[in-house]
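Asks: Sequence and predicted structure, then a few things I'm wondering about:
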Amino acid sequence: MEAVPPECVEALREAEKRLVNSYAPYSGVHVAAAVVDEEGRIHVGVNVENASLGLTICAERAAIAAMVAAGGRRPRCVAIVSDAPQPLPPCGACRQVIAEFAGPDTPIASRSAATGETRLWTLGELLPHAFTPRHISGSGGGEEAGLSRPRPPGGRGG
């Protein structure tokens, strides 16, 4: 296995600290994730299950949402920690949400808190043919499609 990039190591540590905050009364699988943004800031999320299972929020999506809420737009690393006996890759929905903001070379590191085993993938390995903003007709196909910030009142700036 390749060496885990240093920024992913720190993100794994931060995620592991938050694992105890996960809310998983139905599956019993506790997950925390941390995203390192383009400025090196770390944004953390945990899974929050719901009795209506479809409304469950995965840790990876919670971390991406925290990044966006803080003004970040480009993950440099996604780190996942769970109490499962093996490192878990992100689910399909999480892969797609990560692909909205990250490129195919973005490292995704996952660790089992139970065993200490760590796996490393790239987003491109996990989602080789991602549907991204450049696929949407009329978006201009630009790399920044869907990643812009809203215009302030008055329509100026950006």
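Replies: On my side now, so go ahead.
Asks: Could you pull out the helices in the chain for me?
Replies: For the chain, the helices defined by DSSP state H occupy 6-18, 59-69, 92-101, 123-126.
Asks: Please identify the deepest-packed of the ones you listed.
Replies: Across the helices of the chain, averaging neighbours per residue (mean count of other CB atoms under 10 Å) puts helix 59-69 on top, at a mean of 22. Where you see a C-beta, it was placed from the backbone N, CA and C, and this is true even at glycine.
Asks: Next, the angle from that helix to helix 6-18.
Replies: 110 degrees (axes from the mean of the first three to the mean of the last three CA atoms, to 10 degrees).
Asks: any idea how far I136 is from the spatially most central residue of the chain?
Replies: Nearest residue to the geometric centre of the chain (CA atoms, centre = their mean): E60, 3.9 Å. Separation of E60 from I136 (CB to CB, to the nearest Å) stands at 22 Å.
Asks: where in this protein is pLDDT low?
Replies: 1, 137-158 (pLDDT under 70).
Asks: do that again at 80, thanks
Replies: Scanning the chain for pLDDT under 80 picks out the ranges 1-2, 137-158.
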